[in-house]
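Engineer: Here's my sequence, what's the structure:
(chains A, B, C and D)
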Number of protein chains: 4
Amino acid sequence: MKRKVCIVIISRANYGRIKSVLKAIDNHPDLELQLIVGASALLWRFGKVIDIIKQDGFKINTTVYLTIEGENPTTMAKSTGLALIELATSLENLKPDIVLTVADKYETLATAIASTYMNIPLAHTQGGEISGSIDESVRHAITKLAHLHFPATKLSAERIIKMGERPDTVFTVGCPSIDLINEISTDLTTDIFEKYGGVGKGLDLSKPYLLVLQHSVTTEYGNGYNHINETLKAIYDLGIQAIVMWPNVDSGSNEIAKGIRVFRESHKNLDFMHFFINFSIEDYIRILNNCVCIVGNSSSGIRESAFLGVPAVNIGSRQAGRELGRNVIDVGYDSKEIKDAILKQLEYGQYKRDYLYGDGSAGEKIAKILAELNEIEIQKKLAY
Amino acid sequence: MKRKVCIVIISRANYGRIKSVLKAIDNHPDLELQLIVGASALLWRFGKVIDIIKQDGFKINTTVYLTIEGENPTTMAKSTGLALIELATSLENLKPDIVLTVADKYETLATAIASTYMNIPLAHTQGGEISGSIDESVRHAITKLAHLHFPATKLSAERIIKMGERPDTVFTVGCPSIDLINEISTDLTTDIFEKYGGVGKGLDLSKPYLLVLQHSVTTEYGNGYNHINETLKAIYDLGIQAIVMWPNVDSGSNEIAKGIRVFRESHKNLDFMHFFINFSIEDYIRILNNCVCIVGNSSSGIRESAFLGVPAVNIGSRQAGRELGRNVIDVGYDSKEIKDAILKQLEYGQYKRDYLYGDGSAGEKIAKILAELNEIEIQKKLAY
Amino acid sequence: MKRKVCIVIISRANYGRIKSVLKAIDNHPDLELQLIVGASALLWRFGKVIDIIKQDGFKINTTVYLTIEGENPTTMAKSTGLALIELATSLENLKPDIVLTVADKYETLATAIASTYMNIPLAHTQGGEISGSIDESVRHAITKLAHLHFPATKLSAERIIKMGERPDTVFTVGCPSIDLINEISTDLTTDIFEKYGGVGKGLDLSKPYLLVLQHSVTTEYGNGYNHINETLKAIYDLGIQAIVMWPNVDSGSNEIAKGIRVFRESHKNLDFMHFFINFSIEDYIRILNNCVCIVGNSSSGIRESAFLGVPAVNIGSRQAGRELGRNVIDVGYDSKEIKDAILKQLEYGQYKRDYLYGDGSAGEKIAKILAELNEIEIQKKLAY
Amino acid sequence: MKRKVCIVIISRANYGRIKSVLKAIDNHPDLELQLIVGASALLWRFGKVIDIIKQDGFKINTTVYLTIEGENPTTMAKSTGLALIELATSLENLKPDIVLTVADKYETLATAIASTYMNIPLAHTQGGEISGSIDESVRHAITKLAHLHFPATKLSAERIIKMGERPDTVFTVGCPSIDLINEISTDLTTDIFEKYGGVGKGLDLSKPYLLVLQHSVTTEYGNGYNHINETLKAIYDLGIQAIVMWPNVDSGSNEIAKGIRVFRESHKNLDFMHFFINFSIEDYIRILNNCVCIVGNSSSGIRESAFLGVPAVNIGSRQAGRELGRNVIDVGYDSKEIKDAILKQLEYGQYKRDYLYGDGSAGEKIAKILAELNEIEIQKKLAY
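Structural biologist: Model prediction:
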């Protein structure tokens, strides 16, 4: 009988970080993929990634709405609780052999708790990394719950072991997000303005453009409005074409969204900016690959950009501590600093490919390990 | 303005492990105690500890039912989710400055997640210890979420730091459960059969008696019925008087309870066993102090018993890895082994007091630290 | 394509009241049965009816735990909420064409609300009846939500129309609970003490015995302990053999259970009483059919007993207003009254069959109507 | 001791319909007001009415987030469930003597269920009215749960009694929304563009303008986009100044919102339209009072407008069956019909005041009745 591996997709970012694993599991003769899609992956406001998942040909077992509206610290906690209730019911009915959870978001934590309380072995990607936001604590808490670890980098693997995990449960495989880049043509031939709409007058993407992607920092809740404002000011001053994306669903995302809205309403001549909610993962990679600099605090400025050699200006604390390639300049929440760093990156241009976050084979490696594993001991024990 | 410290009490065990802290906070001029009482602490089946908390004179801010019935892995996960939803609402309305959470149960985890997602600094007792059951993973996950650590032992403190916590946030204070023993007279003068009823014909407590307390092991779900059966067989064979307590609310508790029920119905001449649901904490300590041996897998066989010098027979994996005093003999789930160990302990008799889990001043120390702390940095960061 | 009919089973009583409909749907060529089993139907304490459902050969689509422990007014409300959350997710994934909900319990209400908010036509059995307890209000509230009504009696049908429902949506079909009686042999040949265990020394069922079944009345919460006590006193005084059943999961059920426990512990010579949690529906009917009198406030004392001609003593307000056959004597919560009424019934003996609650064809009729219906208008409108 | 009356406010519409009652209770010497504010009343996207409630000087006991994002049939059902869970906890802690619930929204239903399961007498406003949408069913279901009825009109009162409610529990008091109009100056002196922002270039409100307010119809889920489009086309063709408001939180609200967004992006020269999220209730009344015609399907086009004599064009089924004053023209979802009706209303001009929905004393009457009531019988019973 095939070993059933259940994966919970909860957002566009989430999907991009695990898609190659879904494929590899789906294609593996000894594995059966179970897919739960929920949270912001179902929501129009966040781009309804479920439509893309279906187009990509994956069969979805269960859909579940579990986002309590408010986008503040209280609702983030409550959404975690709702996710936990519903995912437990889903897991009880799907009866997977292994659950795989991605990174450090609240639904990730809910998945981890449901799985481990239900004595289902838990595998985890992206453990051992360091960042800011509550994600930092949540990521390590999940490591302490997980039975199998698939870190992206060697340093992360070492940290996981230092935290007391058994070395034989830690597999450095690289980040599955890199796999996709490897496979696809990174030329941008689609008319993204026609395909995705967005707000604005359209840009000439044969000319240089920036890609701006800035999320809220949960531990700095209340400051998001100012943060995004500094970024937009910098870009406005530079007057360079920019694709600006709406933030994801974290606590404080409303503040960022409001900042973008107010900026748009209070500034004229914004024709050189175009605002989008969502892209397919492949198109996102193409847009990233062809931009002259990614600006903000998305981890794609660090992971995917390192591999692609895209210059990145990383703002504030959200990625603080994350392993960086040469392509990143760190700056504070200050429009002057941001502007200067962008100019510096434009001058430097493209960087060399960096394999820091993997070589494109993470999905295959994970599927193979999941298929070939002996039975996993459900009782964990601190290694020291 | 006083610093508001919120504590969530969710079971009888929980209350005993934190009562001295409640008192110390309540008495401290710079602290205000906020008390949420919920879960099995409200339930008749588990002894309704809330009545005792009220008798003890504490003011309760909020009560909340959050136990989803089933006592199995699924409902344990779901109860955690429900707790998270409700505790987030409670915290939003109480607006504490610090949340203190106890040990490693599912409501503890829910409290920890609610608090940290809501950017409220989290303090944690009993971190860094090792045991079996899902508690082992949950305890360390909470450590990764907590901002302040109040471990009971030096070794635990060291482990917390090894896991990547900042040393200046770790305070070895001992276990608050020891504080109570220090304060009260440990003579058993109450007629517990009159006060607590229970099932059975009563015992002569001036003669030797065992105290039996065996909980389910969540990671061995499905085996509880056999486990308790071995224990009861051993005691039946010995024919020594025994006070037997019902298990707490964990996943698998039904199996233990069923085991007890079936044993009672299928054995005659059980007059030397008496079955109880609950005692006040003080009476529990007195009963423990006066028994000739505690048998089962309760951590009180390890913590409180070390201090009291009570011989303990610790069965199975639930406490595996816990630091032990000299007073403990470890055995497997086997009636023969259990019987032999009890006989050995009866022969040895009382042990010397052991300060392994503290000297009785934990409550005062914790209150002092909470009162005198500077502002706590809400953004955590792995220390390596 | 078959029309998909979804039914939610949440308790032993519930199952007995709808089983013949499940069968008829399952056997109908144009209908597909979807079965959700949850709440007390999954719980050991309430007899785990799910095991019987499986033995009966039905395929279960989803199981869902949704009982928040406490058995008081607060947890009854909260359990309704949890049921609503989870059933909505189930319905979203099952996508039924019609939902059928039974009678008046809280999960029934949750099912009704989920279905109607989700624009899925709702059918309802047992509408238009009158009783006590919160069930009375809930039953009529569900009638106001339902698109199709399957009342058991003519008078009920008239009341439904009086409440403003369209006459063409009201079908008097009888109660499905009667169908079962029609089909099975009502001789009691099983050794129920061997099959179901229970507590007690066993009875001689070839001699006269009473059947006692008394549930809590939610609107008289706090009085259940006294209520059951009066009943047990009456039976104790009479000294007639009695099968006593534990109450169902309503608010206040703990009080009844406690009353039974305390009575058992405080009375000697109870060998003529035997206590059970659960029977298969068929065995329950046999036990009912062979008893000399049913005592308590179960609606089976009214519905099934009318058809079987079993003498019934109906206690208190729980069934107040329900249409009665000749076989019922109403009494208050008073041991003297209860005793006298039982004696009167024993003297009278068996009653004649009464078709008040149907002739045994309800299941077939309901399935036929559900299969042959045209599309149902989802927008309801008060008829006056 | 004062009688405690608990009211749950969940949206801007909700607040306007009950504010005068809050005041009257707050001012009554024998009553104590308990206020729970939750759901869309806390959400920025829906105007955060809580800020206005605070400015109005009311003390809020508890806030609670309970909107599950999605704005579709599934999440509407689930939000009802979440509301039920949380409101039960709130009521358990607030222990009111009476709960008062407003109209027919999902949180209203949750409030009604929590209250009645918890044996707290339930009072209800706006019962007995007829409309479209799921509100129609929910309103009558709540009537079947409520112990006290405060209908707005005589006809509604008659319908409530017809549905089987006891006449002595039905009090025709008028709609509290009319009370406010009576009290305030209805001249519009505030600069609403400065105070509320909104999107657009501002209008000249000394010249004729329309007020457009169109909500989704839950039972016509999937059609909202076309519905709003027809309306906006009509107004665009007319070219008359218009204040357009965003829809409330019902299932399908996303479709309306999307319709508005798409219309704005695809039409030029929209300077004569201005889009708002929210007004204080008083400003809303002033804007309504001064418009030349209200267009859409808000019940304020019927209730408040009847009293103010404002011409109304009522579109589609959402208000179908509602008692209408002379001021309303009913039309279908058709831009031509809508346009013609608006032109007809502009020609007619202001109507005479109509007291159909009350004379402005509802709040005082309700408070008086709640204060002077004898104890309420918690067990309801169908009156026929």
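
Engineer: use CA for all of it now, contacts and neighbours both
Structural biologist: OK.

Engineer: Spatially nearest residue to the residue in the stretch 101-250 of chain A that chain D sits nearest to (excluding sequence neighbours)?
Structural biologist: Nearest residue of the stretch 101-250 of chain A to chain D (Cα to the nearest Cα) works out as residue A:199 at 8.2 Å. Once flanking residues are discounted, residue A:199 sits nearest to residue A:275: 5.1 Å by Cα to Cα, 6 or more residues apart in numbering or on different chains.

Engineer: Please apply the same query to residue A:78.
Structural biologist: In space, residue A:78 is closest to residue B:85, 4.3 Å off (Cα to Cα, 6+ apart).

Engineer: who's in contact with the one you found?
Structural biologist: Counting by Cα atoms under 8 Å, 6 or more residues apart in numbering or on different chains, residue B:85 touches A:77-82.

Engineer: residues contacting residue A:242?
Structural biologist: Taking Cα under 8 Å, 6+ apart, one finds A:209-212, A:235, A:272-274 in contact with residue A:242.

Engineer: re the thing from before, before we move on, which element is the residue nearest to residue A:78 in?
Structural biologist: Taking DSSP states H and E as the definition, residue B:85 sits inside helix B:73-94.

Engineer: CA-only coordinates of that helix in CSV, if you can.
Structural biologist: Extracted C-alpha coordinates of helix B:73-94, given in CSV (Å, rounded to 0.1, in the frame of the first residue of the first chain):
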residue,chain,number,x,y,z
PRO,B,73,-5.7,12.1,19.9
THR,B,74,-8.2,13.9,17.6
THR,B,75,-10.1,15.6,20.4
MET,B,76,-6.9,16.6,22.2
ALA,B,77,-5.8,18.4,19.1
LYS,B,78,-9.2,20.0,18.7
SER,B,79,-9.4,21.1,22.3
THR,B,80,-6.1,22.8,21.8
GLY,B,81,-7.7,24.7,19.0
LEU,B,82,-10.8,25.7,20.9
ALA,B,83,-8.6,26.8,23.8
LEU,B,84,-6.6,29.0,21.5
ILE,B,85,-9.7,30.7,20.1
GLU,B,86,-11.2,31.4,23.5
LEU,B,87,-8.0,32.3,25.3
ALA,B,88,-7.2,34.9,22.6
THR,B,89,-10.5,36.6,23.2
SER,B,90,-9.9,36.4,27.0
LEU,B,91,-6.4,37.9,26.6
GLU,B,92,-7.7,40.6,24.3
ASN,B,93,-10.2,41.7,27.0
LEU,B,94,-7.9,41.3,30.0
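
Engineer: quick one, it and helix A:73-94 angle?
Structural biologist: 170 degrees (axes from the mean of the first three to the mean of the last three Cα atoms, to 10 degrees).

Engineer: Name the residues of helix B:73-94 that come out as buried.
Structural biologist: Neighbour counts using 16 or more other Cα atoms under 10 Å in any protein chain shown place B:73-92, B:94 of helix B:73-94 among the buried residues.

Engineer: Residue A:62 touches residue A:39, doesn't it?
Structural biologist: No - using Cα atoms under 8 Å, residue A:62 is not in contact with residue A:39; the gap is 11.9 Å.

Engineer: Compare those two (neighbour count), which wins?
Structural biologist: Neighbour totals were compared for residue A:62 and residue A:39, and residue A:39 leads with 25 against 20 (other Cα atoms under 10 Å in any protein chain shown).

Engineer: got a pLDDT number for that one?
Structural biologist: Turning to residue A:39, the model gives it a pLDDT of 93.

Engineer: so what's it up against?
Structural biologist: A:10-11, A:64-67, A:107.

Engineer: Relative to residue A:89, how far out is it?
Structural biologist: Residue A:39 is 15 Å from residue A:89, where distance means Cα to Cα, to the nearest Å.

Engineer: before we move on, what about residue A:260?
Structural biologist: Going from residue A:260 to residue A:89 by Cα to Cα gives 38 Å.

Engineer: Then residue A:302?
Structural biologist: Per Cα to Cα, residue A:302 is found 36 Å from residue A:89.

Engineer: Next: residue A:192.
Structural biologist: For residue A:192 relative to residue A:89 (Cα to Cα), the value is 39 Å.

Engineer: Please verify my assumption that residue A:215 contacts residue A:245.
Structural biologist: No - in this structure, residue A:215 is not within contact of residue A:245 by Cα under 8 Å, at 9.5 Å.

Engineer: Which one's more surrounded, the two?
Structural biologist: Shown here are residue A:215 and residue A:245; by other Cα under 10 Å, residue A:215 has more neighbours (25 against 20).

Engineer: before we move on, what SS does the closest residue in space to that one that isn't next to it in sequence have?
Structural biologist: Nearest residue to residue A:215, sequence neighbours excluded (Cα to Cα, 6+ apart): residue A:247, at 4.9 Å. Following DSSP: H, G, I helix; E, B strand; the rest coil, residue A:247 is assigned to coil.

Engineer: residue contacts, residue A:247?
Structural biologist: By Cα under 8 Å, 6+ apart, the residues touching residue A:247 are A:213-216, A:253, A:256-257.

Engineer: make it 10 Å
Structural biologist: Contact partners of residue A:247, counting by Cα atoms under 10 Å, 6 or more residues apart in numbering or on different chains, are A:46, A:213-216, A:253-257, A:260, A:276-278, A:298.

Engineer: any idea how far residue A:275 is from it?
Structural biologist: Applying Cα to Cα to residue A:247 and residue A:275 gives a distance of 11 Å.

Engineer: so what sits against both of those two?
Structural biologist: By the contact definition Cα under 10 Å, 6+ apart, residue A:247 and residue A:275 are jointly contacted by residue A:260.

Engineer: Which residues are in contact with residue A:140?
Structural biologist: Residues near residue A:140 by Cα under 10 Å, 6+ apart: A:103-104, A:126-130, A:146, A:159-160, A:163, B:140-145, B:163-164, B:381-382.

Engineer: out of those, which are buried?
Structural biologist: Applying 16+ other Cα under 10 Å to the contacts of residue A:140, the neighbour count classes A:103-104, A:126-130, A:146, A:159-160, A:163, B:140-145, B:163-164, B:381-382 as buried.

Engineer: Chain D next: which of the contacts of residue A:39 are close?
Structural biologist: For chain D, the contacts drawn from the contacts of residue A:39 by Cα under 10 Å from any Cα of the partner chain are A:64-67.

Engineer: Out of these, list just those in helices.
Structural biologist: Per DSSP state H, helices hold no members of those.

Engineer: Show me which of those is closest to chain D.
Structural biologist: residue A:67 (5.5 Å).

Engineer: okay but that closest one is in contact with residue D:70, surely?
Structural biologist: Yes - taking Cα atoms under 10 Å as the definition, residue A:67 is a contact partner of residue D:70 at 8.3 Å.
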